[in-house]
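Colleague: Structure of the sequence below:
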Amino acid sequence: MDEFLNYLFNNSLMEETLLIFSADHGTELLEHGVFGHAPIWYKENEIKLFNTVLKVPFLIYGRKIDGKRNENLASSIDIAPTICALLGIKSPENWLGQNLLASDFKREMVISEQIYFEEDKIQDAFAFQTQDEKFIYDLSRGIYYYYDLKKDPEEMENCMDIHPQKRKEIERYYLSHNRLILDTYRKPETSIIVDSEIRKRLKSLGYL
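Modeller: Alright, predicted model coming up:
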């Protein structure tokens, strides 16, 4: 990385360069009794929607960027619209993300999905997070999780038994999310063919 950055600076390329640093996921290190982020098989205790996996760094460096830290909730779907805005490109209307650098940017909730395909079954779970609360809905098993992030930022105590009314709230978030996806979905113009070599690589990474 040092060599790459030095090259940009030494060749006067930084004025025309936008650098973005992020990650696709974190990793569970036994904080919730599991290890990793993509299990080869799916078990009840392998829900990977805790913030140890979901919370990742996101940094932008460029001549149009003010040096400041943003504490607002943000999602990976906001990265592409932010890049488009910095480059003066209009984002497609069906994109769900927002420009993180806009003066009026405010995300009330971050939504995350965990989906695995096991033979003919789809194993899926969803997480909905605000500044103060975290909901996880294990759709495949009908299990609900609720965390008060002010009191429990490490997501160690599932308070669903104490707050059973949150179940309806989680279901409402899930149905609203599904409607939004269906409303903005566009069928691909071409089909994607996954050959045996690609399947082998995906399986080695734990995605199949």
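Colleague: who does the helix or strand of the chain with the lowest mean pLDDT touch, helix- and strand-wise?
Modeller: The least trusted helix or strand in the chain, going by mean pLDDT, DSSP states H and E, turns out to be strand 35-36, with a mean of 72. Counting contacts by 3 or more Cβ pairs under 8 Å, 6 or more residues apart in numbering; DSSP states H and E, strand 35-36 is packed against strand 28-29. Quick note: C-beta positions are derived from backbone N, CA and C, even for glycine.
Colleague: And for Asp138, the neighbour number?
Modeller: Counted with other Cβ atoms under 10 Å, residues neighbouring Asp138 total 18.
Colleague: Return the set of residues that bridge with it.
Modeller: Note on Asp138: beta-bridge partners by DSSP bridges are Ala125, Ile143.
Colleague: Please apply the same query to Tyr61.
Modeller: Leu19.
Colleague: quick one: strands adjacent to the least confident helix or strand of the chain?
Modeller: Going by DSSP bridges, the partners of strand 35-36 are strand 28-29 (antiparallel).
Colleague: Let me see the mean pLDDT of the partner strand.
Modeller: Strand 28-29 shows a mean pLDDT of 78.
Colleague: For it, which outside residues touch it?
Modeller: 34-37, 48, 50, 52-53 (Cβ atoms under 8 Å, 6 or more residues apart in numbering).
Colleague: With distance to Asp24 and neighbour count added, can I get those in TSV?
Modeller: Listed next are the contacts of strand 28-29 as TSV, based on distance: Cβ to Cβ, whole Å; neighbours: other Cβ atoms under 10 Å:
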residue	distance to Asp24	neighbour count
Val34	18	18
Phe35	18	12
Gly36	14	15
His37	9	17
Lys48	12	23
Phe50	16	22
Thr52	14	19
Val53	10	22
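Colleague: so which of those comes closest to Glu155?
Modeller: Glu155 lies nearest to Phe50 out of the contacts of strand 28-29, by Cβ to Cβ, at 5.0 Å.
Colleague: Good, we can wrap up now.
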